[in-house]
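Enquirer: Here's a sequence, model it:
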Amino acid sequence: MADTKTGNIVDDIIADHREFESVFSEIESAGDPRTQPELVEHVIAGIVRHAVAEEEYVYPAARDIVPNGDEMVDHEIQEHSEAEEVMKEIEKVGTDDPKYDELVRKLIADIRHHIEDEENDLLAKMRIAATSDQLRELSEKFHRAKKMAPTRPHPLAPDHPPANRILAPGAGLVDRLRDALSGRN
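Expert: Numbers count the residues shown, from 1 in each chain. Here you go, the predicted model:
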């Protein structure tokens with residue numbers, strides 16, 4: 001996944017969303033996700049990195065900046081947790097399992113729903129409520145966090161600061177080592 005930096009966190013997140021959608025369309029055009037395991041792994045790694053970075057910096061800021069931010073952020077984190085469970089299940093079953101196709105399709109539907117919710121609610125309100133300096137600073141933190149974030153789902157990992165900021169880089173290092181040893185991009 002490209003790491004598009006616009007200098008505005010809202011636009012950066014939306015750019016990631018469009019990349020996910022592009023990969024989803026490519027997976028769907030193949031007809032059977034089992035024929036595209038590298039693409040599925042690729043998008044899962046991108047989603048995990050994206051979600052971790054949001055949870056480390058974007059969501060805590062949204063709690064402070066956006067009216068009713070706590071409620072919206074709690075909803076977004078719940079959706080992340082649900083998607084992470086599906087991603088972990090995909091990782092467990094592998095392409096030989098008949099459930100693989102169903103799980104990939106569920107992940108795509110869940111992420112599409114999350115994207116729609118996040119863009120129409122939280123991000124729209126954040127664009128209005130945050131200053132341009134806040135949006136720029138969050139963009140920088142988001143991109144730094146994505147570089148250090150895990151590339152595999154860790155459903156039991158904390159999703160709130162400060163614990164997630166402490167543990168995510170270590171899990172990211174281990175994941176990148178596993179990726180290198182297994183030949184996963």
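
Enquirer: residues in contact with stretch 71-81?
Expert: With CB atoms under 8 Å, 6 or more residues apart in numbering as the test, stretch 71-81 has contacts from 51, 54-55, 59-60, 62-63, 66, 110, 113-114, 117-118, 121-122, 125, 155, 159-160. Glycine gets a C-beta too; all of them are placed from N, C-alpha and C.

Enquirer: Give me the buried subset of these.
Expert: The neighbour-count criterion (16 or more other CB atoms under 10 Å) marks 51, 54-55, 59-60, 62, 66, 110, 114, 118, 122, 125, 159 among these as buried.

Enquirer: hang on, Lys5 packs against Arg136?
Expert: No - counting by CB atoms under 8 Å, Lys5 does not reach Arg136; the two are 10.2 Å apart.

Enquirer: Arg136: how many residues sit nearby?
Expert: 15 (other CB atoms under 10 Å).

Enquirer: SS state for it?
Expert: With DSSP: H, G, I helix; E, B strand; the rest coil as the basis, Arg136 sits in helix.

Enquirer: what mean pLDDT does stretch 128-140 have?
Expert: Taken as a whole, stretch 128-140 carries a mean pLDDT of 97.

Enquirer: lowest confidence element among the helices and strands of this structure?
Expert: Sorting the helices and strands of the chain by mean pLDDT, DSSP states H and E puts helix 163-182 at the bottom, at a mean of 48.
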